[in-house]
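J.: my questions are about this predicted structure, shown below with the sequence.
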Amino acid sequence: GEDVEQSLFLSVREGDSSVINCTYTDSSSTYLYWYKQEPGAGLQLLTYIFSNMDMKQDQRLTVLLNKKDKHLSLRIADTQTGDSAIYFCAEQGSSGSARQLTFGSGTQLTVLP
Amino acid sequence: AAGVIQSPRHLIKEKRETATLKCYPIPRHDTVYWYQQGPGQDPQFLISFYEKMQSDKGSIPDRFSAQQFSDYHSELNMSSLELGDSALYFCATGLAGGIEQFFGPGTRLTVL
């Protein structure tokens, strides 16, 4: 999406940590999300963070939010081959009743054995 | 746990034909969102419904229409199909004011 940017590709070795970065533009977004999409499959919600939080940890996933810089990151600890997928960050609309998500372009994560 | 159901999963149509995609929300979810994901693209918001009323509109072509029914399922109607309409169409459902949107598996539409 034109308002949410991500790097397109990331390769890591199995067991290493992965960090996927995202920048967004709507400073009034209330929630920011990370979705995972495997080939030919739907979008799986991994985690989300409220905009007044700096960090959220959920098992192997850590989300960091720098609201000043409008920067969001997803860290996956001990990356496994099953983590290979496209990861999308998304921001939720903030105007009126709008709750639709605006997605980034997605980051293709490849985990090498 | 019940998930979002979309049907059909795959659909092949020819140019200028019509197509209807269906979405069945998770029980008790009252809000439906439709997204279109072109090849190698990120999902783009098309339209959303809350309590059977359209709540927001995104980049949905005039050739497309949608509605939400009394049982909260939704249908996306697509007419005068074009080659560029070939894409994955997702619906996502949630609770009004809720934080999470749960996506269905998608319908892959191919226009020949």
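T.: Cool, got the structure.
J.: what residues does chain B have near chain A?
T.: With Cβ under 8 Å from any Cβ of the partner chain as the criterion, chain B meets chain A at residues B:31, B:33, B:35, B:41-45, B:48, B:50, B:55-56, B:58, B:90, B:92, B:94, B:97, B:99-106, B:108. No exception for glycine: its C-beta is placed from N, CA and C like everyone else's.
J.: mind giving me the PyMOL command for buried ones among these?
T.: This is the PyMOL syntax for the buried subset of the residues of chain B next to chain A, where burial follows 16 or more other Cβ atoms under 10 Å in any protein chain shown:
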select buried, chain B and resi 31+33+35+42+43+44+45+48+50+55+56+58+90+92+94+101+102+103+104+105+106+108
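J.: which ones are touching residue 90?
T.: Since no chain was named, I'll use chain A. Going by Cβ atoms under 8 Å, 6 or more residues apart in numbering or on different chains, residue A:90 touches A:4, A:32, A:33, A:34, A:35, A:101, A:102, A:103, A:104.
J.: that was the other one, I meant chain B.
T.: Residue B:90 touches A:42, A:43, B:6, B:34, B:35, B:36, B:37, B:43, B:103, B:104, B:106, counting by Cβ under 8 Å, 6+ apart.
J.: same question for residue B:75.
T.: Contacts for residue B:75 (Cβ under 8 Å, 6+ apart) come out as B:20, B:21, B:22, B:23, B:66, B:67, B:69.
J.: can you check residue B:42 too?
T.: Taking Cβ under 8 Å, 6+ apart, we find residue B:42 in contact with A:1, A:88, A:103, A:104, A:105, A:106.
J.: again, but for residue A:39
T.: With contact taken as Cβ under 8 Å, 6+ apart, residue A:39 is in contact with residue A:85.
J.: how near is it to residue B:108?
T.: Going from residue A:39 to residue B:108 by Cβ to Cβ, to the nearest Å gives 12 Å.
J.: also residue B:68?
T.: As judged by Cβ to Cβ, residue B:68 and residue B:108 stand 22 Å apart.
J.: residue B:16 and residue A:39: what is the separation?
T.: 31 Å.
J.: if you could redo that for residue A:28, that was the one I meant.
T.: Residue A:28 is 34 Å from residue A:39, by Cβ to Cβ.
J.: low-confidence ranges in chain A?
T.: For chain A, applying pLDDT under 70 flags the ranges A:1-2, A:94-98.
J.: residue B:101 against residue B:48, yeah?
T.: No - between residue B:101 and residue B:48 there is no contact under Cβ atoms under 8 Å: 9.7 Å.
J.: where do the contact lists of these two overlap?
T.: Going by Cβ under 8 Å, 6+ apart, residues that sit against residue B:101 and also against residue B:48 are A:99, B:33.
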